[in-house]
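Novice: build me a model:
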Amino acid sequence: MRSLFKILVVILFFSCVDDKSVQKEKTVVSINNSSIDSINLVEELVSDLNLQEDVKDSSEECIFDQATQTDEFLKGIDELSDYVWFEKEKRAEITLSDYWDLSIIRGGCDHFELTAKFTYKGKLDFEKDKKLLFNKIVWITSLIEEFDGEIIERCLKDKKYSETKEDEYNYYVEFLNEKIYESYFLRFNNDNNTIIEISYFIN
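Specialist: Down below sits the predicted model:
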């Protein structure tokens, strides 16, 4: 009888141990499933955010077609053949001489810009060196077809422009021609090196 009792005790003991193991395994599995569900949830949230960004981008389309904003406008111009094109900035850089550099920007999303900026490694005076500076503007606007080169040249030659001295280093020039009056701007600065640039904007 005692032997039978001992056997029953041993069976009951192992039965309890097995139940705890099963419960423990179930708990582990439950935790693992929770972790997997959390990862899936995060991935779904990230996917939703990316989708929202794509929708936002597509709803904010540019007014001006950026696919056409390439360096094609410079090709075939021998005087500017040594340019380096920066696609992201829509900018060309050209070294004209030891003293002169030229930067040309053509592009935009909501506002289209065509700018030619000359940089002289030294100081020039706007009044004293006006002829040299204006000759640079006439030269570049005659080379790039999108500039109204003939009108600009005529305005500068006939002095059909207004000058504004903004401070010691900066001048601002407006062309007195009804076709280009509100779309073209000429600026001069000699705070460090000398910069003269002409810009054409379409809003």
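
Novice: break this structure into its domains for me.
Specialist: For the chain, automatic domain parsing gives the domain ranges 1-61, 66-202.

Novice: the ones you listed: lowest mean pLDDT?
Specialist: The minimum mean pLDDT among these belongs to domain 1-61 (a mean of 50).

Novice: now stretch 162-182: buried residues?
Specialist: Neighbour-count burial for stretch 162-182, counted by 16 or more other C-beta atoms under 10 Å, picks out 171, 173-175, 177, 180. From N, CA and C alone the C-beta is placed, and that goes for glycine too.

Novice: roughly how far does residue 180 sit from residue 198?
Specialist: 10 Å (C-beta to C-beta, to the nearest Å).

Novice: so for residue 202, what's the nearest residue that isn't a sequence neighbour?
Specialist: Spatial nearest neighbour of residue 202, chain neighbours left out: residue 112 (4.2 Å); criterion: C-beta to C-beta, 6 or more residues apart in numbering.

Novice: what sits against that neighbour?
Specialist: Counting by C-beta atoms under 8 Å, 6 or more residues apart in numbering, residue 112 touches 64, 201-202.

Novice: for residue 92, same thing?
Specialist: Residues near residue 92 by C-beta under 8 Å, 6+ apart: 71, 74, 80, 83-86, 103-106.

Novice: and the residues you listed, which is closest to residue 124?
Specialist: For the contacts of residue 92, the residue nearest residue 124 by C-beta to C-beta is residue 103; the value is 17.1 Å.

Novice: the closest one - how many residues pack around it?
Specialist: 18 (other C-beta atoms under 10 Å).

Novice: also residue 200?
Specialist: 20.

Novice: so what touches the helix or strand containing it?
Specialist: Element membership of residue 200, judged by DSSP states H and E, is strand 194-202. With C-beta under 8 Å, 6+ apart as the test, strand 194-202 has contacts from 64, 111-120, 122-124, 133, 136-137, 140-141, 146-148, 152, 183-189.

Novice: now do stretch 72-86
Specialist: Contacts of stretch 72-86 (C-beta under 8 Å, 6+ apart): 71, 91-95, 102, 104, 106, 143-146.

Novice: just the buried residues of those residues.
Specialist: 71, 91-92, 94, 102, 104, 106, 143-144.

Novice: what's the most distant pair in the residues you listed?
Specialist: The span of the buried ones among the contacts of stretch 72-86, defined through C-beta to C-beta, is set by 91 and 143 at 16.6 Å.

Novice: in a helix, that's where residue 152 is, yeah?
Specialist: Yes - secondary structure of residue 152 (DSSP: H, G, I helix; E, B strand; the rest coil): part of a helix.

Novice: is it true that it touches residue 139?
Specialist: No - between residue 152 and residue 139 there is no contact under C-beta atoms under 8 Å: 10.7 Å.

Novice: just the ones of the contacts of stretch 72-86 in strands?
Specialist: If you go by DSSP state E, the contacts of stretch 72-86 have 91-95, 102, 104, 106 in strands.

Novice: now render those as a markdown table, adding distance to residue 164.
Specialist: Output for the ones in strands among the contacts of stretch 72-86, formatted as a markdown table (distance: C-beta to C-beta, whole Å):
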| residue | distance to residue 164 |
| --- | --- |
| 91 | 27 |
| 92 | 29 |
| 93 | 29 |
| 94 | 29 |
| 95 | 31 |
| 102 | 24 |
| 104 | 25 |
| 106 | 26 |
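
Novice: all set, thanks.
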